[in-house]
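1. no sequence for this one, just the structure:
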């Protein structure tokens, strides 16, 4: 039995930090896990920038409220969930994800949490588990599931490599060049077809 594990940002919704960078005019916040493989380094840098500019959770949530899923994302997710169980595994935070999950029809998401002060300043963050995408895929496999995984960034490679089938989706030319062993797709139709082909190969249990 398969479970499909998907990244969120860049796959189903636009990158939150890029949207916030454009809303605030702070280009340094445009850096994402497509650019920086070290997530801890990336987040610590973001928090320093927020502190320097006096920005906090409220301002980011105001931006998130205006973000819509990528064109066709909800339809893709609905079709995929009719074929297989789906879990979104994201390094985003529960304080960011809820309005986006509503717009996507409340799929299951595993993510992290922010530490927020009384004044709304983001003081830190708590990862659900170390190397969460890879760890979650291995945990699902340990209870009898085969996994299919897809994402666009460096932090998705662990779960893609560990899964029975893994695909890059809307990734960068650099990542695609560095990992040519993974099929790379640009449209939901292509990705859905690839996942369907994997599921249909599963032998029927009698």
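-> The structure has been received and is ready for your questions. Worth saying up front: this structure is predicted, and the values here are computed from it rather than measured.
2. outside of the strand or helix carrying residue 59, which residues touch it?
-> Taking DSSP states H and E as the definition, residue 59 sits inside helix 57-64. For helix 57-64, contacts defined as CB atoms under 8 Å, 6 or more residues apart in numbering pick out 16, 19-20, 23-24, 95-96, 99-100, 114, 116, 120-122. Bear in mind the C-beta positions are built from the backbone N, C-alpha and C, glycine included.
3. any idea which helix or strand comes after it?
-> helix 73-83.
4. now that following helix: mean pLDDT?
-> The predicted model assigns helix 73-83 a mean pLDDT of 97.
5. who does it touch, helix- and strand-wise?
-> helix 188-200 (3 or more CB pairs under 8 Å, 6 or more residues apart in numbering; DSSP states H and E).
6. Quick one: mean pLDDT for the helix it packs on?
-> 96.
7. sorry, back to before: give me the buried subset of the contacts of helix 57-64.
-> Those of these that meet the buried threshold are 16, 19-20, 24, 95-96, 100, 114, 116, 121-122, by 16 or more other CB atoms under 10 Å.
8. is it true that residue 13 touches residue 74?
-> No. Counting by CB atoms under 8 Å, residue 13 does not reach residue 74; the two are 10.1 Å apart.
9. follow-up on the earlier one: which two in the contacts of helix 57-64 are spaced the farthest apart?
-> Spanning the widest gap among the contacts of helix 57-64 are 100 and 121, at 22.5 Å by CB to CB.
10. tell me the secondary structure for residue 89?
-> Following DSSP: H, G, I helix; E, B strand; the rest coil, we place residue 89 in the strand state.
11. ok, so what distance separates it from residue 185?
-> 18 Å (CB to CB, to the nearest Å).
12. what about those two, which has more around it?
-> Applying other CB atoms under 10 Å to residue 89 and residue 185 shows that residue 89 carries more neighbours, namely 26 against 19.
13. Please name the residues that touch that one.
-> Applying CB under 8 Å, 6+ apart, the residues near residue 89 are 5-7, 109-111, 132-133, 136-137, 159.
14. do the same with residue 186
-> Here residue 186 is in contact with 169-170 (CB under 8 Å, 6+ apart).
15. all numbers from here: first residue = 424
-> All right, first residue 424 from here; so that's residue 609.
16. Against residue 492, how distant is it?
-> Counting by CB to CB, the gap from residue 609 to residue 492 is 17 Å.
17. which parts of the strand or helix carrying residue 536 are buried?
-> Assignment of secondary structure by DSSP H and E places residue 536 within strand 531-539. Using 16+ other CB under 10 Å as the test for burial, strand 531-539 gives 532-535, 537, 539.
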